[in-house]
Structure formats: C-alpha cells, structure tokens
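Chemist: need a structure here:
(one chain, ligands or ions: 1)
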Amino acid sequence: MTESGYQDREQSELKHYAIRLYLEAATRILGSAWDLKYVDCCAGPWLSATGDYSDTSFGIAIEVLRDMRRELSTRNRAPRVECLLIEKEKEPFRKLEAFAKSKDSSEVGVRAENWDFTGHLDDIVRYCSTPRTFPFILIDPKGWKLAGISQISPLLKLKPGEVVVNLMSSFITRFVNNEASDFSDLLGEDFPELRSLSGTELEFAVVRKYCELIKREGNYAYVCALPVMKPDSDAFNFYLIYATRHPKGVEVFKSAEKRTENQTHVVRADVQKRQRQERSGNFELFSEDVLYRERKYQQLALENRERAKRGVIQLLRERGQVPYDECWAEALQFSAVYQTDLRTWTDEWEREGTISIIGRKFPSELLRRGHGQVLEFRGMSTV
Ligand SMILES: C[S@@+](CC[C@H](N)C(=O)[O-])C[C@H]1O[C@@H](n2cnc3c(N)ncnc32)[C@H](O)[C@@H]1O
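Modeler: The predicted structure is shown next:
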C-alpha cells in the first residue's frame, strides 16, 4: 500500500475506493441527461502523501469527472461539469487553491474557496441551483459535529441532488454514553434512549437513526450506509451515508458497497500480514488471505440480513400485497444486504408457501425492480 500513499490510513483508501466507484457510475448515468456540479465541503488536502493529490477525495472526483466527460463527449454529449472545493484552514487551502487552478479547464471547471462551509450554505445552494444541473455533495468532516442535521440541512434539501456524508460512528458510539455530550442534532432529541444499548446494537441504532433523520430532512426515498472498517482492528471506523431520490442510485451505491466490502478484506489482510512480519521480523511465505482474521463484517452481515428479512416479512404481514420494488427498497437500506439475499429469501418463502408472486411474465422469471411483480403474503412464516 505504501506506493499508493495510504499506509496507516487504509480507511481513507477504502473511503476513496467507494467514492470513486459511486461517482464513476453515477456521473456517467446522470451526465448523459444533466450538467453536473460536485461540491466537496471539507476538501482538505488532509494527510495526502502523493504530490498529485490522487489520494484525496477531490483529486479522485476531478479525475473521474474529467474521464466521464471525455467519454460522454465521444457520444456527442458534453455536459457542463464544475467543481467547488471548500476548505476552512489556511494552509491546506493554499494547496487546494493551487491544485484547483492547475486543474481548472474548459472540460471541468474547478474553483476553491477558503470557507467554513457551514457559514456559506446559501452560496453553495446558489452554486448548485443553475438550471438542468445535478449536484453531488460530499461532506467529510474530521469529527461528527458538522454532520449534524441543522448544519447541513439546506444541502440535504437540494433537489435534484445526492449527498454523501461521512458519519464517524466509532466516535459517536464511544461518546454517546457521556452525559455531557449532546447528540441531538445528529441523532434526534430522543438520542439519550440509545444509552440503553451497547456493542453492535448501539452502532446499528446510531447509523439507522441518522439515516432516518437524513431521509426525513431531505425528503429522500432511499438512504444507504456503507461501512468502512478500521485497517488494524476488527471494528468499523465510519459509515458513508448516501441519500438519493432514485432507485437507480441505490443500485449504483450498493454495487460500490459490495466491491468495497471485498476490497476491505484485501486491504486489511495486507495490513495484518505487514504487522505480523514487523512483530516477528520474519518474511511470510503464506499469501495474505491465508491468515486473515475478521469477524465484525460477518457479524454485521448476519445481523442485518435477519433485520432486513424481518422488515420485509413485516411489510408483507401488514399489507398482504407489496410490490417487489418496495421489498427491495426495504431490504437494501441495510448495510451488507444485497439483492441476492432478498432473492434467496423470496425463493425460500415461495417454496414453503409463505408468499406467492403475482405478475411474473413466465414462471421462472427472476424478481427484478421495475418489473411490476408483487409479493403476496399467504401465511405464517418461520422468520
Ligand atoms: C477528513 S478531512 C477531509 C478529507 C478529504 N475529504 C479526503 O477524503 O481526502 C476534513 C477536512 O475538512 C476541513 N474542515 C473542517 N471543518 C470545516 C468546515 N467547517 N468547512 C470547511 N472545511 C472544514 C479540515 O480542515 C480538513 O482539511
């Protein structure tokens, strides 16, 4: 990992991996219909180790946007693409500004501002509100306070628009029990109720609550949470919270989540091997994955599959008939749960007579979003 500049901050490597995948897919889809604006509200550079900032969120975004525009222009579609990079601190801003000037072009307009973004929400909203423009907003502060709903509300309300927020779940779960800390802006006025929880239950509830508040504030249809692990311990560091009003966005983001999950294990196995070698002083003959240890992700996936399964069955119990698309949306909002999981359960339920499927065009037709299939609840389930 040393060559890529991410040693000892592999969580940033994974964050950037996910952001790149999401932006690559989303900007290609949306760029064919809209002009695009990208706003990095907490740009940095922060702990960048490469001279060209290819290991920063803004460096990655600009590269992705430029490539996407070049590709679309070969198909006679050249959207206007502009980026606004915001940094509060003087010293990193100086570097950011120099970078912005060097990248500003007729293909991708790049502008940097030395702002505390919370004091310039109106300016950001105005910047994003040009006609036929789809804005992407990244909010990646160092701690948790700037992720508070009141701090970012006007950005959440941008329509059209999509938002990704870094939720520092590891800090929050550590401090939520501290009587002096106030998490109401992040987790709602009733946040002290979370203090009765601990471990993975607490972490799940924190992420879920934040997603609900984001959804409500921005009137989003879907909010997903992509977990990012710590490189050197079996724990999650933060979640990338993604809010969209379109199911296609969920598909794109879940695909980024799945690939980031796989990459997490590659990166962490490499870190673990390096640490073992440093401790023992011996070179290992095994490949990284042989001795790789991880429990947390598996536990999250297991627990969330159960939660999602219960959620879908409850929908079916309450309503009798539910469009597949709604079951899909219910299930996929859980981290580490994918369409393949939902299809496994629906197959099982159909076999055991818990549900029947209405609207299949032929008996073996796969359940798919947008195909008009409806799940009908027929009886008690073992779930
Ligand atoms: C976690 S770093 C950003 C890392 C960057 N997004 C990346 O992935 O490469 C957070 C940055 O936001 C800046 N920052 C903190 N509060 C800010 C604010 N209110 N407005 C703008 N920038 C802020 C910090 O100075 C720091 O450079």
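
Chemist: the closest residue to residue 34 other than its chain neighbours and the ligand, how far apart?
Modeler: Take residue 34 and drop its neighbours on the chain: the residue closest to it by CB to CB, 6 or more residues apart in numbering is residue 134, 3.9 Å away. The way it works is simple: take the backbone N, C-alpha and C, and place the C-beta from them, glycine included. As defined by CB to the nearest ligand atom, to the nearest Å, residue 134 lies at a distance of 20 Å from the ligand.

Chemist: low-confidence ranges, this protein, go.
Modeler: 1-4, 290, 380-383 (pLDDT under 70).

Chemist: how about the strands in it?
Modeler: Secondary structure of the chain, counting by DSSP state E: strands at 35-40, 81-86, 108-113, 133-139, 162-167, 222-229, 236-244, 321-323, 355-358, 374-377.

Chemist: what's the distance between the residue nearest to residue 34 and residue 82?
Modeler: Using CB to CB, to the nearest Å, residue 134 is found at 12 Å from residue 82.

Chemist: mutual contacts of these two, please.
Modeler: Counting by CB atoms under 8 Å, 6 or more residues apart in numbering, the common neighbours of residue 134 and residue 82 are 35-37.

Chemist: what parts of the chain come near the ligand?
Modeler: 12, 42-44, 46, 56-57, 86-89, 92, 116-118, 140-142, 146 (CB under 6 Å from any ligand atom).

Chemist: of those, grab the buried ones for PyMOL.
Modeler: Selection of buried members from the residues of the chain next to the ligand for PyMOL, criterion 16 or more other CB atoms under 10 Å:
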select buried, resi 12+42+43+44+56+57+86+87+88+92+117+118+140+141+146
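
Chemist: let me see the contact set for residue 81.
Modeler: 31, 35-38, 65-66, 68-69, 107-109.

Chemist: so which of those would you say is closest to the ligand?
Modeler: The closest of these to the ligand turns out to be residue 38 (CB to the nearest ligand atom; 12.1 Å).

Chemist: next, count neighbours for that closest one.
Modeler: Residues lying near residue 38 (other CB atoms under 10 Å) number 25.

Chemist: residue 104 touches residue 111, doesn't it?
Modeler: Yes. If you go by CB atoms under 8 Å, residue 104 and residue 111 touch, sitting 7.1 Å apart.

Chemist: for burial, what's the neighbour tally of residue 213?
Modeler: Neighbourhood size, residue 213 [other CB under 10 Å]: 18.

Chemist: repeat for residue 156
Modeler: So residue 156, with other CB under 10 Å, has 22 neighbours.

Chemist: measure residue 68 to residue 345 for me?
Modeler: 36 Å.

Chemist: compare those two (neighbour count), which wins?
Modeler: With neighbours defined as other CB under 10 Å, residue 68 and residue 345 compare such that residue 68 has more, 24 against 20.

Chemist: which residue packs closest to that one, ignoring adjacent ones?
Modeler: Sequence neighbours aside, residue 27 is the residue nearest to residue 68 in space, at 4.6 Å (criterion: CB to CB, 6+ apart).

Chemist: for that neighbour, give me its contacts.
Modeler: 36, 64-65, 68, 136.

Chemist: got phi/psi on the nearest residue to residue 8 once chain neighbours are set aside?
Modeler: Closest residue to residue 8 apart from its sequence neighbours, by CB to CB, 6+ apart: residue 231 at 7.7 Å. Phi and psi for residue 231, reported as degrees, to the nearest 10, are phi -70, psi -30.

Chemist: so how far is residue 242 from residue 231?
Modeler: The gap separating residue 231 from residue 242 is 22 Å, by CB to CB.

Chemist: quick check: beta-bridge partners of the one residue in the stretch 201-350 of the chain that gets nearest to the ligand?
Modeler: Relative to the ligand, the nearest point of the stretch 201-350 of the chain is residue 238 (9.8 Å; CB to the nearest ligand atom). When bridges are called by DSSP bridges, residue 238 pairs up with residue 228.

Chemist: neighbours of the nearest residue to residue 210 once chain neighbours are set aside, how many?
Modeler: Nearest residue to residue 210, sequence neighbours excluded (CB to CB, 6+ apart): residue 167, at 5.6 Å. Residue 167: 21 surrounding residues under other CB under 10 Å.

Chemist: surely residue 167 touches residue 226?
Modeler: No. Counting by CB under 8 Å, residue 167 does not reach residue 226; the two are 10.1 Å apart.

Chemist: got the contact list for residue 338?
Modeler: By CB under 8 Å, 6+ apart, the neighbours of residue 338 are 254, 258, 332.

Chemist: mind doing that once more with 10 Å?
Modeler: 254-255, 257-258, 261, 301, 305, 308, 331-332, 344 (CB atoms under 10 Å, 6 or more residues apart in numbering).

Chemist: swap in residue 47?
Modeler: By CB under 10 Å, 6+ apart, the residues touching residue 47 are 5-6, 8-9, 12, 55-56.

Chemist: list only buried entries from those.
Modeler: Buried, going by 16+ other CB under 10 Å: 5-6, 9, 12, 55-56, out of these.

Chemist: sorry, back to before: filter the contacts of residue 81 to the buried ones?
Modeler: Buried among the contacts of residue 81 (16+ other CB under 10 Å): 31, 35-38, 65-66, 68-69, 107-109.

Chemist: burial of residue 198, as a residue count?
Modeler: 11.

Chemist: state the distance from it to the ligand.
Modeler: 27 Å.

Chemist: scan this protein for its longest helix.
Modeler: helix 247-280 (DSSP state H).

Chemist: packing partners of it?
Modeler: helix 10-31, strand 162-167, strand 222-229, strand 236-244, helix 296-319, helix 324-332, helix 339-352 (3 or more CB pairs under 10 Å, 6 or more residues apart in numbering; DSSP states H and E).

Chemist: next one: the residue nearest to residue 68 from residue 108, what distance?
Modeler: According to CB to CB, residue 27 stands 11 Å off from residue 108.

Chemist: so what sits against both of the two?
Modeler: With CB under 10 Å, 6+ apart as the test, residue 27 and residue 108 both reach 36, 38, 61, 64-65, 67-69, 81.
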